[in-house]
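A.B. asks: Starting from these lines, generate the structure:
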Amino acid sequence: MRRFCYKCGALEATVGPLIQGRCQRCFLEEVDLLHAPKEIQVIVCKDCPSYQLGKQWHSSAPGESIEDTIKKVALYNVKVARLSESGTELLNPQAAKGVKVLIEPDTKAGLVKITAIGKVHELQAAPKVEEASVKLNIVRRACGTCSLKRARHYEAVLQVRGDLPHEKLSRIKTMLERLVKEAAGQEEFISDVQEQEGGLDFYVSSAALGRRMASLLKDKFGAHVSQSAKLIGQTKDGRKKFKVTILVNISKKA
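C.D. replies: Next up, the predicted model:
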């Protein structure tokens, strides 16, 4: 039986395998590979190197440029089509095997050029190439963590005491700030440091962070650590909310 394209009448024996009753040319004319939004909004933090994907904030890699961030956000928002007998599925480019998506941001023009190369259906003889020029909107706002930092939010106070000389307090402050920077992660921070008579008060984002800081001082100086908590209310889901005070006593001889 001779099969032919129901759109143009081309014979399958001449033009190659039909795809859902259409020749290769008619199929490619009617089916889109690339599905891109009219506008891509890139939300970046104005205070730290992080950006938003969906509802989540992510830290940028060291040395990452705004163009690199735009590419990540664009790939998150772009879909490519994969057609099978069961229907059409829109996939993230990273999940679509055999499809390549190129992102070219132009921040001066406020545009993102997107090129998709690949097959919509496995019976395609050659890949399809589609391009789209999408409006770029860069929005700068404080991320959740930086908003808390601006408000000097804290959930615990680490009190370092011991009638310690200024030089030792300075060393302790540097040590604890390095711990937070290297090990605590973007979501945890020191919101304020206040000097006291022979000591320091660290206002920190979480009790867990305060305990890690206290543990470091205990290991380094043999400090005595005690803790107390004050009930200040409830969270939205009904859990009790506390302000924690962690007292670290360091011997002057340590």
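A.B. asks: Check the nearest residue to Gly21 once chain neighbours are set aside and give its pLDDT.
C.D. replies: Distance criterion Cβ to Cβ, 6 or more residues apart in numbering; nearest residue to Gly21, sequence neighbours excluded, is Tyr6 at 4.9 Å. Every residue, glycine included, has its C-beta placed from N, CA and C. Tyr6 carries a pLDDT value of 87.
A.B. asks: Relative to Leu18, how far out is Tyr6?
C.D. replies: 9 Å (Cβ to Cβ, to the nearest Å).
A.B. asks: those helices in the stretch 101-250 of the chain, which residues are they?
C.D. replies: 144-150, 166-179, 207-221 (DSSP state H, counting those that start in this stretch).
A.B. asks: Turn those helices into a markdown table, columns for mean pLDDT, distance to Gln234 and mean neighbour count.
C.D. replies: What follows is these, written out as a markdown table (pLDDT from 0 to 100; distance: least, Cβ to Cβ, whole Å; neighbours: other Cβ atoms under 10 Å):
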| stretch | mean pLDDT | distance to Gln234 | mean neighbour count |
| --- | --- | --- | --- |
| helix 144-150 | 90 | 19 | 16 |
| helix 166-179 | 92 | 30 | 15 |
| helix 207-221 | 94 | 16 | 19 |
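A.B. asks: Could you list the domains of this protein?
C.D. replies: Listed domain ranges for the chain are 31-144, 152-249 (source: automatic domain parsing).
A.B. asks: Tyr6 and Leu18: which is more packed in?
C.D. replies: Leu18 (19 against 12; other Cβ atoms under 10 Å).
A.B. asks: Please list all residues in contact with the nearest residue to that one once chain neighbours are set aside.
C.D. replies: Spatially, and ignoring its direct neighbours in sequence, Leu18 is nearest to Glu12 (5.0 Å; Cβ to Cβ, 6+ apart). If you count contacts by Cβ atoms under 8 Å, 6 or more residues apart in numbering, Glu12 has them with Arg2, Arg3, Phe4, Cys5, Leu18, Cys23.
A.B. asks: who's Lys240 bridged to?
C.D. replies: Gln234 (DSSP bridges).
A.B. asks: List the residues that contact it.
C.D. replies: Per Cβ under 8 Å, 6+ apart, neighbours of Lys240: Leu231, Gly233, Gln234.
A.B. asks: Kindly report the same for Ala223.
C.D. replies: Gly162, Ala214, Leu217, Val248, Asn249, Ile250, Ser251, Ala254.
A.B. asks: count of residues packed around the fifth one?
C.D. replies: In other words, Asn249. Asn249: 17 neighbours (other Cβ under 10 Å).
A.B. asks: For Pro93, see how far away it is.
C.D. replies: 57 Å.
A.B. asks: Tell me where the stretch 151-254 of the chain is predicted with low confidence.
C.D. replies: 183-186, 235, 252-254 (pLDDT under 70).
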